[in-house]
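structure for the following, please:
(one chain, ligands or ions: 1)
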Amino acid sequence: MASTDSGKTYIVEHLDPELGPWSELEYICIGQDSQKTGSRFFLSSLPDEFRVPEKLSNLASFTPEKRSVEEMYPPPPQGEASSAGDVKNQVCLLDPSAKKDLSPEDGDKFGVFLFGGILGDDPPRDRTSELRKKGYEGRRLGPVQMTTDTAVRVTRMVVQEGYTLDTVPYLDHPDIKFNEHESTQMPFRYVADSDGKPIMPEGMVELIGKDADKTIDDMF
Ligand code: SAM
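Just a heads-up that it's a prediction; the model follows:
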């Protein structure tokens, strides 16, 4: 069973068949943030052919895993509370449909935080249900869908830095301007930085711009 000596363990169970460019930027961002904050980051359920981006494999805090989260941390037997045993091995699933919201006290209860490695979609298709059925205890990060890197960021702010969900500075559905004339609205919740701008992975604004150009080209 995996364990951590300090910080928290963040696991993203990779649920898409390949690594798309958006997910790649999100995963690199989660890895770099985990490295800076003394946490560990696992990408689990990786297919044999998965190519780990160099910017991730270079990080001491990052571990690529072919095993699924259940193999790493067997879920509690059905009907049993997950509170028995060592805190560092207790898994919390971040689940947009969970009944209870995440609170700073959950940092004392859980050592491992599990997320779906799924690109956000609008409207949300509830692919987190694939993880829900494994039987881990779930917590919600409020009612608005976040990108995976934002969900990890908010979880860390709550369980490691003591923020309550209502004190995190959010930006909902921001407009991203990628050149003088073009912008697009993102259908997600982000954390705002000290300038009031959405925190996004490095390279994401450029990628959004490229994708928008492709869509316009495809129209002609
Ligand atoms: N549309 C999605 C779905 O199909 O479930 C949401 C995917 S979201 C981009 C990726 C992951 O971030 C989710 O699997 C979940 O772990 C986490 N997440 C995002 N927003 C959340 C929220 N409001 N509450 C709890 N977890 C959230």
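
near Pro64, how many other residues are there?
15 (other CB atoms under 10 Å). In this view, the C-beta of every residue, glycine as well, is placed from N, C-alpha and C.

that one against Pro47, yeah?
No. Shown here, Pro64 and Pro47 do not form a contact pair, counting by CB atoms under 8 Å, at 10.9 Å.

Three-state assignment for the closest residue to the ligand within the chain, please.
Scanning the chain for the residue nearest the ligand gives Gly116, at 2.5 Å (criterion: CB to the nearest ligand atom). Using DSSP: H, G, I helix; E, B strand; the rest coil, the structure places Gly116 in strand.

from memory it sits against Glu13, does it?
Yes. With contact defined as CB under 8 Å, Gly116 reaches Glu13; the gap is 6.4 Å.

between those two, which contacts overlap?
Residues touching both Gly116 and Glu13 (CB atoms under 8 Å, 6 or more residues apart in numbering) are Leu131.

what sits up against stretch 60-77?
Residues outside stretch 60-77 that contact it (CB under 8 Å, 6+ apart): 1-2, 11, 13, 31, 34-35, 39-48, 50, 52, 56-57, 82, 84, 89, 91, 112, 114, 131, 134-136.

buried residues of it, list them for me.
Across stretch 60-77, burial judged by 16 or more other CB atoms under 10 Å covers Ser61, Phe62, Thr63, Glu65, Ser68, Val69, Glu70, Met72, Tyr73, Pro75, Pro76.

contact residues of this protein facing the ligand?
Contacts of the chain with the ligand, taken as CB under 6 Å from any ligand atom, map to 94-96, 115-116, 118, 120-121, 124-128, 140-142, 144-148, 151.

fine by me, thanks again.
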